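Engineer: The amino acid sequence is not available; the structure is as follows:
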Ligand SMILES: Cc1cc2nc3c(=O)[nH]c(=O)nc-3n(C[C@H](O)[C@H](O)[C@H](O)COP(=O)(O)OP(=O)(O)OC[C@H]3O[C@@H](n4cnc5c(N)ncnc54)[C@H](O)[C@@H]3O)c2cc1C
């Protein structure tokens, strides 16, 4: 084994499995030091609310426990990575620094500075791509030097590249020399959230629905694969999408993928292999269509530091959104008067997660659907509360939903009706009642539009609209009609200026992105080539 020590720097990629940079680092150097640095920004902590902080803290506890079981530990520092490394390179006699590549442009400057320091101090810097399926730079190269502006162009590039690499083997920790210097027994331990000054935003957050960390990720992953297998046996795929389960135990892995507690390559390959083993045939690519959207947004944001903004963002349309702090606050706090929207916003704040259909409904309502408020305002709220909030993925989805980018010639001017969409997704009303207990006795007939309930019904339900629960902030029909007109103007202006808009290629792609099942719960069917009149429309 070569001389000198190796530091592995965890940022995202908070896992031991399928972590190429970590694996390489463990075979280099005489001693191995796993390090995490709180620098006020790492892993999105700059904008994070309580739930995501707690999730990150779980991830670090889990890593620390796994390393301790093998005689090592996680060394946690606070401050500027360059200053910390400058000191630790000398103190620990470091010759190698390994880390997983962070694809988003907001991390480029931090990494550039650290790489320059390594060069200056003659430390070999080893960076490996594993947060994404493919190396975004290679996709961009394939596309002639710029990110593929449409999803179909993106698909062409990755099809040409071929399948992503298979996952790496698990590390054998007992073979790694993880020294704990005696003066570090007390130093660099992971502080509690309270010590770091991170506190709950509301008492409902006491109930912890999501536990972070690699161990939990792998447990849930096993459950998820069984779920996928059941779907394949039943003749369908993408079960989280086609059978939206708003109330069941968490089956989503997005927060684990976001922090890298679960390898995206393991996710991708396990789904394809499960299908091939079961069906004895080559698996179709759309089995993992959703993670490809993840790749797409990461790739689109490469080199675009303004990806999360409207102005100066070359791929985003400049739309004249309204400023309305009162309505924005009503939306944020789940007080719009539309129970389906409000229940979703409460779940977001309490638990840090909402299903894609809820994200879609709330994002559409805030922007082109009802309130005509900028997607940037919505993004800030999601970015604070979502466990899986990713700088590029969240912004990409917001631009898409608000028709600011990625949409086929803005040909989706119809919006989701907050009443009908709610009824379809929550036919028993259990979801709305769970997150809005004030409506627990409201009969199902009025649950999604309680202002229509006669006074006597409201009294029996102990919920007077306007007093115990708000009146709607806007009247959906007229608001969406006015917004429809506004959007027409945007389209016309676009035609005049001739801007080529980023666009998904087909209706099917649009529907897949929006996760509209073929057969909607509660009747009515949506075919790929149809507009989904059941819930769309004015
Ligand atoms: C306004 C809005 C904001 C969103 N912000 C985020 C975000 O910050 N981070 C995030 O991971 N997802 C985001 N999504 C996408 C999507 O809602 C979640 O990824 C999904 O709900 C996760 O559920 P799942 O793990 O069951 O997905 P699955 O069906 O299991 O999909 C597997 C994985 O693919 C990725 N994925 C799925 N859908 C999308 C999508 N539309 N775009 C990009 N990646 C996707 C996720 O990593 C997900 O875990 C957003 C959607 C909307 C409408």
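Structural biologist: Sure thing, it's come through. Being a predicted model, the structure only gives us computed values, none of them experimental.
Engineer: For the nearest residue to residue 244 once chain neighbours are set aside, give its distance to residue 463.
Structural biologist: Distances taken as Cβ to Cβ, 6 or more residues apart in numbering put residue 357 closest to residue 244, at 5.2 Å, once the chain neighbours are dropped. Quick note: C-beta positions are derived from backbone N, CA and C, even for glycine. Here the criterion is Cβ to Cβ, to the nearest Å. By it, residue 357 lies 25 Å from residue 463.
Engineer: Compare these two and say which is more crowded by neighbours.
Structural biologist: The neighbour comparison of residue 357 against residue 463 (other Cβ atoms under 10 Å) goes to residue 357, with 24 against 21.
Engineer: pLDDT at residue 448, what is it?
Structural biologist: Looking at residue 448, its pLDDT stands at 98.
Engineer: just to revisit the earlier point, the residue nearest to residue 244 against residue 426, yeah?
Structural biologist: No. With contact defined as Cβ atoms under 8 Å, residue 357 does not count as touching residue 426 (9.5 Å).
Engineer: and for these two, which residues touch both?
Structural biologist: Both residue 357 and residue 426 are contacted by residue 246, under the criterion Cβ atoms under 8 Å, 6 or more residues apart in numbering.
Engineer: if we can go back for a sec, which residues does the residue nearest to residue 244 contact?
Structural biologist: Residues near residue 357 by Cβ under 8 Å, 6+ apart: 244, 246, 421, 425, 515.
Engineer: Mind giving me the packing neighbours of the helix or strand harbouring residue 37?
Structural biologist: Using DSSP states H and E, residue 37 maps to strand 32-38. Other helices and strands packing on strand 32-38, by 3 or more Cβ pairs under 8 Å, 6 or more residues apart in numbering; DSSP states H and E, are strand 5-10, helix 20-27, helix 50-69, strand 75-78, helix 81-91.
Engineer: for that strand, which positions count as buried?
Structural biologist: 32, 33, 34, 35, 36, 37, 38 (16 or more other Cβ atoms under 10 Å).
Engineer: now, which of the residues you listed sits nearest residue 281?
Structural biologist: Among the buried residues of strand 32-38, residue 34 lies closest to residue 281 (Cβ to Cβ), at 41.7 Å.
Engineer: my guess is the closest one contacts residue 68, does it?
Structural biologist: No. Contact criterion Cβ under 8 Å: residue 34 and residue 68 do not qualify, at 10.8 Å.
Engineer: burial count for residue 188?
Structural biologist: Residue 188: 18 surrounding residues under other Cβ under 10 Å.
Engineer: nearest residue to it other than its sequence neighbours?
Structural biologist: Once flanking residues are discounted, residue 188 sits nearest to residue 75: 4.4 Å by Cβ to Cβ, 6+ apart.
Engineer: quick one: the one you found from residue 9, how far?
Structural biologist: To residue 9, residue 75 is 10 Å away according to Cβ to Cβ.
Engineer: Identify the contacts common to those two.
Structural biologist: 35, 36.
Engineer: Flag every residue of the stretch 101-250 of the chain that's near the ligand.
Structural biologist: 240, 241 (Cβ under 6 Å from any ligand atom).
Engineer: which element is the residue of the stretch 101-250 of the chain found nearest the ligand on?
Structural biologist: Closest contact between the stretch 101-250 of the chain and the ligand, by Cβ to the nearest ligand atom, is at residue 240 (3.7 Å). Per DSSP H and E, residue 240 falls inside helix 239-242.
Engineer: Other residues contacting the helix or strand just after that helix?
Structural biologist: The helix or strand immediately downstream of helix 239-242 is helix 254-259, counting by DSSP H and E. With contact meaning Cβ under 8 Å, 6+ apart, helix 254-259 is reached by 12, 14, 43, 55-56, 59, 210, 212, 216-217, 220-221, 262, 264, 267, 291, 294, 352-353, 387-390, 393.
Engineer: Centre-most residue in this protein?
Structural biologist: Taking Cα atoms, centre = their mean, the centroid of the chain lies closest to residue 388, which sits 3.7 Å from it.
Engineer: quick one: secondary structure of it?
Structural biologist: coil (DSSP: H, G, I helix; E, B strand; the rest coil).
Engineer: these two touch, right, it and residue 353?
Structural biologist: Yes. At 7.3 Å, residue 388 counts as touching residue 353 under the criterion of Cβ under 8 Å.
Engineer: any shared contact partners between those two?
Structural biologist: With Cβ under 8 Å, 6+ apart as the test, residue 388 and residue 353 both reach 252, 254, 255.
Engineer: Buried residues in the longest helix along the chain, which are they?
Structural biologist: Once the chain is assigned using DSSP state H, the helix that runs over the most residues is helix 476-497. For helix 476-497, burial by neighbour count (16+ other Cβ under 10 Å) applies to 476, 479, 480, 483, 486, 487, 490, 491.
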